[in-house]
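Trainee: This is a predicted model, with the sequence first.
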Amino acid sequence: MDSGDSRDEESPLVVSDSQSDKTRQNHTRDVHVLSCAFLLIFLAYGATQNLESTVNTEKDLGTISLGILYLSFTIFSLFASLVVRMMGSKNALILGTTGYWLFMAANLKPSWFTMVPASVYLGFAASVIWVGEGTYLTATARCHANDSNLHEGTVIGNFNGEFWGMFASHQFVGNLITLALLQDGKEGSTGGTTLLFIVFLCSMSLGTILMCFLHRRDGKGEEGPLEPAVSAYSYAVSLSKSVITPLFDVRMLLIIPLFVYSGLQQAFVWAEFTKYIVTPALGVSGVGGSMAVFGAFDAVCSVVAGRLTSGLLSITWIVSGGAFAQVIVMLWILLKYRVTSGVLGTLYPLLMAAIWGIGDGILNTQINALIGILFKNDT
């Protein structure tokens, strides 16, 4: 009888250890799934975005569509956190993918009547998917740190490093596909892009399906979607807190310049750099190659920077190094660069893309790790 009781008392401990190991594996599995899903979605979107200003040139349709997209993104970002709270981060991620799919479909028949509505909706979807990603990844990192008795800042840095390393590789993979399918592409030509966009639509569909395999994980790690608000007053209070409260937080005010610079440097490389630096030197087909180089260095530096992250001091030094790398490129363009022929004419844009990718990879990883560390109780 005693031996039976002893076995009954010991068995829950074994089950508990097994469940704990499985839980920790689920945390890392979710990061792998999330990273792969974003890679499949954004290898298509990123390559398409790089081509907008050089392919859809009629009355600057491509450039204006991107402008509308990011204006919409800015406006809807004020409400995105409320949408994520209502739906749960997993459902928000799935909803966010629909905007990218619609935008890609609109590029099959580009016109003002297809691109403008698709751009507006993508701005909404992008705001939701990125708030959902930050919430989901930080909650997963915190759970993993608690379950494994690891330093929270280190886990957040490692998880962000893996995610942004995989995410940054979308530029490499997507632009290699573009380079292969648009070898003879000419500026303003859409004839060779149909097959490209169909392939990208298939990639996005796979990424959306992959999102469905994520575990539900919201707030501070509790499973399942959040309970809906019970009245319009609750919506208003929640919205005011999510929008207004951060504006009185000194930490957020100090981080805003980093967000602004990160957005500006990405807008530069996606639009101005590809149109005025790469295209004159390498042609439209060269956009894919140069951005593939950008993506490769972006991916490697994202992983390395994530592994080096341990706290605020390390983030400060790493971000300073990334910003310095991009300053070198900007001074080069402003003071010395001229379009030349021969090997150097091909090498210079690729070298600029590589250096810029180093800075972008560092900024993406470190800004998100910084948010996760400073506002860990608000995710």
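Mentor: Received, thanks. Quick caveat: nothing in here was measured; it's all calculated off a predicted structure.

Trainee: Report the helix or strand with the lowest average pLDDT across the protein.
Mentor: helix 232-244 (a mean of 64; mean pLDDT, DSSP states H and E).

Trainee: That helix: what's the following helix or strand?
Mentor: helix 250-267 (DSSP states H and E).

Trainee: Not counting sequence-adjacent ones, nearest residue to S310?
Mentor: In this structure, S310 finds its nearest non-sequential neighbour in T154, 5.7 Å apart by Cβ to Cβ, 6 or more residues apart in numbering. Where you see a C-beta, it was placed from the backbone N, CA and C, and this is true even at glycine.

Trainee: Contact partners for that neighbour?
Mentor: Residues near T154 by Cβ atoms under 8 Å, 6 or more residues apart in numbering: 145, 309-310.

Trainee: Give me the pLDDT value at it.
Mentor: pLDDT recorded at T154 is 80.

Trainee: name the element it belongs to?
Mentor: Assigned by DSSP H and E, T154 falls in helix 152-181.

Trainee: do the same with V31
Mentor: Applying DSSP H and E, one finds V31 within helix 2-55.

Trainee: Let me know the next secondary structure element after that helix.
Mentor: Past helix 2-55, the next helix or strand by DSSP H and E is helix 61-87.

Trainee: And the very next helix or strand once past that following helix, how far out from the chain middle?
Mentor: Stepping forward along the backbone from helix 61-87, the first helix or strand reached (DSSP H and E) is helix 89-106. Distance of helix 89-106 from the chain centroid (Cα atoms, centre = their mean, to the nearest Å) equals 13 Å.

Trainee: Compare the contacts of T154 and tell me which is most surrounded.
Mentor: Neighbour tally across these (other Cβ atoms under 10 Å): the maximum, 25 neighbours, falls on T309.

Trainee: Leaving out chain neighbours, which residue sits closest to the residue nearest the centre of the chain?
Mentor: For the chain, the residue whose C-alpha lies nearest the mean C-alpha position (Cα atoms, centre = their mean) is F167; its distance is 6.1 Å. Nearest residue to F167, sequence neighbours excluded (Cβ to Cβ, 6+ apart): F38, at 5.1 Å.

Trainee: Can you verify my assumption that M204 contacts A44?
Mentor: Yes - contact status for M204 versus A44: in contact at 5.1 Å, counting by Cβ atoms under 8 Å.

Trainee: The two - which one has more neighbours?
Mentor: Per other Cβ under 10 Å, whichever of M204 and A44 has more neighbours is A44, with 30 against 25.

Trainee: Relative to L51, how far out is that one?
Mentor: As judged by Cβ to Cβ, to the nearest Å, A44 and L51 stand 11 Å apart.

Trainee: try L206
Mentor: According to Cβ to Cβ, L206 stands 21 Å off from L51.

Trainee: Compare the two and say which is more crowded by neighbours.
Mentor: Higher neighbour count among L206 and L51: L51, with 26 against 14, using other Cβ under 10 Å.

Trainee: Now do the shared contacts for M204 and A44.
Mentor: Jointly contacting M204 and A44 under the rule Cβ under 8 Å, 6+ apart are 100, 104.

Trainee: Which residues outside stretch 303-313 are in contact with it?
Mentor: 151, 153-154, 156-162, 164-165, 314-315, 318, 322, 361-362, 365-366, 369-370, 373.

Trainee: For the residue nearest to L370 when sequence neighbours are not counted, list the residues it contacts.
Mentor: Spatial nearest neighbour of L370, chain neighbours left out: I315 (5.4 Å); criterion: Cβ to Cβ, 6+ apart. Counting by Cβ under 8 Å, 6+ apart, I315 makes contact with 309, 366, 369-370, 373.

Trainee: Then A168?
Mentor: Taking Cβ under 8 Å, 6+ apart, one finds 295, 298-299, 301-302, 357, 360-361, 364 in contact with A168.

Trainee: Flag the shaky bits of this protein, pLDDT-wise.
Mentor: For the chain, applying pLDDT under 70 flags the ranges 1-25, 183-192, 218-243, 246, 376-379.

Trainee: ok, now which ones touch the closest residue to V173 other than its chain neighbours?
Mentor: With sequence-adjacent residues excluded and distances taken as Cβ to Cβ, 6+ apart, V173 is closest to L43, at 4.6 Å. L43 is in contact with 169-171, 173-174, 177, 200, 203, counting by Cβ under 8 Å, 6+ apart.
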